[in-house]
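Trainee: Predicted structure and sequence below. I'll ask about it afterward.
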Amino acid sequence: MNKLNLLWMIPAFFVGFGTFWCFIIKVLSLLAWGRLAGEYLASDPAGLPVQFRIARAKLGVVSYNGVIKAGALPQGLALRVAWLFQVGHPPLLIPWQALAPIRTRKILWTTYYSTTIQVSSGQVDFQFSDPELVQALRSWLRVE
């Protein structure tokens, strides 16, 4: 392989990989996050504080382990994703009235929490395992 081929293959690989990454992240966003963004898009994303990074989270059928950052505000639950996953995932501000009470479930030594988020087309399940976030949400949501 000559040097000229190698010179264009390296940038082409990075461009191709970046394009493929963005495509996959965008498709995954359409499964649940996109449904929420249609109704609960944050009007001032810079003003949303990040209080918790959720280690284990699932929104609809998509796992967001270590990717979702959350904040509890008087207006509602703020959700955003890490910068590497932002394609198709705009920051959200979900009002408290759209969230169902939090249910607790223990499997072996891990406690999982779940709630549903109401959207006009039905609901989206939100599951996570962050007890600190649950403590912050207790002021606005009932925990069962």
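Mentor: Done, it's in. Computed from a predicted model, the values in this text were never measured in an experiment.
Trainee: Below-threshold pLDDT in this protein: ranges please.
Mentor: By pLDDT under 70, the weakly predicted segments of the chain are 1-4, 45-48, 50.
Trainee: what residue is smack in the middle of it?
Mentor: Nearest to the mean C-alpha position of the chain, by CA atoms, centre = their mean, lies residue 68 at 4.5 Å.
Trainee: what residues are up against it?
Mentor: Neighbour list for residue 68: 53, 54, 57, 59, 79, 80, 81, 128 [criterion: CB atoms under 8 Å, 6 or more residues apart in numbering]. No exception for glycine: its C-beta is placed from N, CA and C like everyone else's.
Trainee: so the last one touches residue 53, yeah?
Mentor: Same thing as residue 128. No. When contacts are counted by CB atoms under 8 Å, residue 128 is not listed as touching residue 53 (11.0 Å).
Trainee: related to what we said a few turns ago, what sits opposite the residue nearest to the centre of the chain in the beta ladder?
Mentor: Legend: beta-bridge partners of residue 68 under DSSP bridges are residue 81.
Trainee: Distance of it relative to residue 17?
Mentor: 24 Å (CB to CB, to the nearest Å).
Trainee: Same question for residue 83.
Mentor: 17 Å.
Trainee: Pick out whichever of those two has more residues nearby.
Mentor: Neighbour totals were compared for residue 83 and residue 17, and residue 17 leads with 10 against 6 (other CB atoms under 10 Å).
Trainee: Give the full set of residues in contact with residue 111.
Mentor: 104, 105, 129, 131.
Trainee: Out of these, who's the most crowded?
Mentor: Sorting the contacts of residue 111 by how many neighbours each has (other CB under 10 Å) puts residue 129 first, at 19 neighbours.
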